[in-house]
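In: Sequence and computational prediction follow.
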Amino acid sequence: MPFTAYIGIGSNQAFGDRSPEQLVAAAFGELGRAGRVSGRSSEYRTQPVGFADQPAFINAAAELQTVLGPEELLHFLIDIERLYGRDRSAGIPKGPRTLDLDLLFMTADEGSGGDREIIHNSPSLTLPHPEVQNRRFVLAPLAEIAPELRHPALKRTISELLAELPGEGANADTAVEKLEGADGIG
């Protein structure tokens, strides 16, 4: 069964001679090994959330057409992170990362019946991502490529969730800046 996956991409640490911007760009290329990248947001410079004593992040979102199911795709994403120097078992929680790939949402193509939003709970993966509705740095890029995607539990679109965020603190409009010349596709 074909799936559509929505993936958050972030980086705020160089890896070798690659900058965070280059790592985000490389991640889009790597995702192509699991299917077809059918949507690509702009890149955003975002302030860190949780652990504030670290550099700003470069964030983006991807839409991926794939035959990999949720757990298989999660393992694929973790393998990409490792390839670019990230070990999820080490480091500060919510701290600096060379590459962060979060599986945010998945839908299953049910043919003429449309798409079915996947709700998945396991020890390693929760879909939709449990914090997506609280994070402007995730919702802003995702709204570029999937504004009408509906959160299956909250029954709100990505655009609605973004509009409902408070405008202060970690979700302030000023904490998420779209980078010039970083127009997405999709």
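Out: It's in.
In: Phi, psi for the residue lying closest to residue 116 once chain neighbours are set aside please.
Out: For residue 116, ignoring the flanking residues on the chain, the nearest one in space by Cβ to Cβ, 6 or more residues apart in numbering is residue 108 at 4.8 Å. In short, each C-beta sits where N, CA and C put it, glycine included. Torsion angles at residue 108 (phi, psi; degrees, to the nearest 10) stand at phi -110, psi 130.
In: Now do the same contact list for residue 108.
Out: By Cβ atoms under 8 Å, 6 or more residues apart in numbering, residue 108 lies in contact with 1, 2, 3, 115, 116, 118.
In: possible to save those as CSV with pLDDT, secondary structure and distance to residue 46?
Out: Below are the contacts of residue 108 laid out as CSV (pLDDT from 0 to 100; DSSP: H, G, I helix; E, B strand; the rest coil; distance: Cβ to Cβ, whole Å):
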residue, pLDDT, secondary structure, distance to residue 46
1, 58, coil, 34
2, 91, coil, 31
3, 94, strand, 27
115, 77, strand, 28
116, 85, strand, 31
118, 88, coil, 26
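In: what residue ranges in the protein are flagged as low confidence?
Out: 1, 111-114, 181-186 (pLDDT under 70).
In: residue ranges for the strands of it, please.
Out: 3-11, 35-40, 44-46, 57-66, 100-109, 115-117, 120-121, 126-127, 150-151, 156-157, 176-178 (DSSP state E).
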